[in-house]
Every structure is written in structure tokens, then in C-alpha cells.
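Asker: pasting the structure only:
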């Protein structure tokens, strides 16, 4: 005989924002937070990982050698 | 702290400064300029950094102060409409790109101080204490900004009614966190 869990197992964070209506007064949902964290990384990581401009590095190195 | 260590720390934190600058300015070119200006200020003020204190908070605070100073000088010319489009040039599937675009728009609608707080904690890994130190506010205010940003994004992205409370100004300790150039959120 199969036993089914009474509660729905937690799904991996969805890629698109979940669409379930929720109580506006509730605390932020953990699944949404995880989705938000991943999505913010997708939005900003590319920018963060771009090479540092040469002129900026030179500025720092020039100051270091003073 | 030796000079060498100080300069190494400046170089190491540049990617995070770039994220903070982009969150504040929402303009790639302005963000690059802001990072460079902040680095110049930090190098000039390196003697004032107290070894053993939080370097990241010190550096983020310099960038933030510079942003506020620039805003006061060039309020009319600050382009806050430039969504980081290059960041959206992702190879993610179509549906994911749409979701990211929606998030990017929602981020743009957040008050600048909430947007900054969110990325500083979520992306740059700052503690609430360091965020408070970097932004010159109480720890409770720092927590509140991040919480309100998350909650407002959730409300917008899940199609719920706007939560006016999430957009309300934080307590008095918030000053001068609300930027003159922060974009007022449009009504849904």
C-alpha cells in the first residue's frame, strides 16, 4: 500500500516567479526569496564579473607605489 | 594595515562596488564613473581607515557618499532610466528572460535605498550590521529596507495589490538614506 505525504513536497526554486496569490501581509515566502536571490545573481553577476578597467587598476597601482 | 594590504583590499572589492554602484545609478556608465570616483576618494582617505574595522562597510560607505554628493551636483542629468540591459543579455530560456526583465523593471521601481540594501545583502553578502555601517543607519532600519524591498518585489511580481507600507519611509534614523534621485514608484 502506498503512502502519500500529507503535505506537498517542497519544489526546487522555480525559474519564473511563482504566481500563486498570497496574503499580502505574510512574510516573504522562502521559495520567492530563493528565486529572487538566483535572479538577482543572473541580473548582476555578469556586470560584477566584467574585467576591471585598466585605467582603474593603474590608478590603484600608481597610488600603491607612492 | 600595510599599504599593500589596503590596495589589495580595494582591488578585491571592486566587483562588489560595481554591483552597489549599478544598484544606485541604474546606469552602466554612471556606475563605472561612480566606482572610479569612490576609489579615488578611498585612496585619498586611506589614512582614515582603521585597521581591524570592516573594510567593506567603509568602502561601500565612501561610494554611497559619493553617489549622494554626485546626485546633488548633477541631479538633472542623472539617467536613472537605463535598465542594465547588458545584464539581461543572458542565454536563459525565453520565459526566464521575461521573468528577469520583469524583475529588472520591478527593481527599478524600488526606492534607491531599498534597491541598494537588497543587493548589498543578497549579492554582496553584507551583514545587516555592515549594511547599517555602510549606509549610516540603524541596524533595524537596514533590516527593514531589505525586508520591505523583498516584500514589495514579491507583491509586484506575484501580481498582488501594492503594499503602501512597503514604500513608506523608514524611521527617522533613515536619513539621509532616501535619495533625492530615488524614483518614486508608479502606481500599479
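Answerer: On my side now, so go ahead. Quick caveat, the model's predicted, so the values are computed rather than measured.
Asker: Counting neighbours, what do you get for residue B:36?
Answerer: Per other CB atoms under 10 Å in any protein chain shown, the neighbour tally for residue B:36 reads 18. No exception for glycine: its C-beta is placed from N, CA and C like everyone else's.
Asker: same check, this time on the one 3 residues further on
Answerer: Under the neighbour criterion other CB under 10 Å, residue B:39 is assigned a count of 24.
Asker: Centre of the chain to stretch B:101-119, how far?
Answerer: Taking CA atoms, centre = their mean, to the nearest Å, the mean C-alpha location of stretch B:101-119 is offset from the chain mean by 9 Å.
Asker: Quick check: buried residues in it?
Answerer: For stretch B:101-119, the buried set under the neighbour-count rule, 16 or more other CB atoms under 10 Å in any protein chain shown, comprises B:102-104, B:106-119.
Asker: How about that stretch and chain A, any contact?
Answerer: Yes. Applying CB under 8 Å from any CB of the partner chain, one finds stretch B:101-119 in contact with chain A at B:102, B:103, B:104, B:107, B:118, B:119.
Asker: Would you tell me what helix or strand the third one is located in?
Answerer: Translated: residue B:104. Using DSSP states H and E, residue B:104 falls within helix B:94-109.
Asker: Could you identify the helix or strand that succeeds that helix?
Answerer: Using DSSP H and E, the helix or strand that follows helix B:94-109 in sequence is helix B:112-122.
Asker: That next one vs helix B:94-109, what angle?
Answerer: Here helix B:112-122 points in a direction 130 degrees away from that of helix B:94-109 (axes from the mean of the first three to the mean of the last three CA atoms, to 10 degrees).
Asker: which among the residues of stretch B:101-119 next to chain A gets closest to residue A:33?
Answerer: For the residues of stretch B:101-119 next to chain A, the closest approach to residue A:33 (CB to CB) belongs to residue B:118, at 10.9 Å.
Asker: Next one: the residue lying closest to residue B:139 once chain neighbours are set aside relative to residue B:146, how far apart?
Answerer: Nearest-residue entry for residue B:139: residue B:132, 4.5 Å, with adjacent residues in sequence omitted and distances by CB to CB, 6 or more residues apart in numbering or on different chains. Distance from residue B:132 to residue B:146, counting by CB to CB, to the nearest Å: 11 Å.
Asker: State the pLDDT value of residue B:169.
Answerer: Confidence at residue B:169, expressed as pLDDT, is 41.
Asker: oh, I was asking about residue B:141
Answerer: 97.
Asker: Repeat that for residue B:138.
Answerer: On the pLDDT scale, residue B:138 is placed at 97.
Asker: ok, how many other residues are close to residue B:9?
Answerer: A total of 16 residues lie near residue B:9 under the criterion other CB under 10 Å.
Asker: Was I right to think it contacts residue B:58?
Answerer: No. Using CB atoms under 8 Å as the test, residue B:9 is too far from residue B:58 to be in contact (9.6 Å).
Asker: quick one: the helices in chain B?
Answerer: Counting by DSSP state H, one finds helices in chain B at the ranges B:3-25, B:28-44, B:55-73, B:85-88, B:94-109, B:112-122, B:128-135, B:139-157, B:164-167.
Asker: So for residue A:46, which of those helices sits nearest?
Answerer: Judged by CB to CB, the one of the helices of chain B that comes nearest to residue A:46 is helix B:85-88, at 5.3 Å.
Asker: just checking, residue B:16 touches residue A:48?
Answerer: Yes. Using CB under 8 Å, residue B:16 is in contact with residue A:48, at 7.1 Å.
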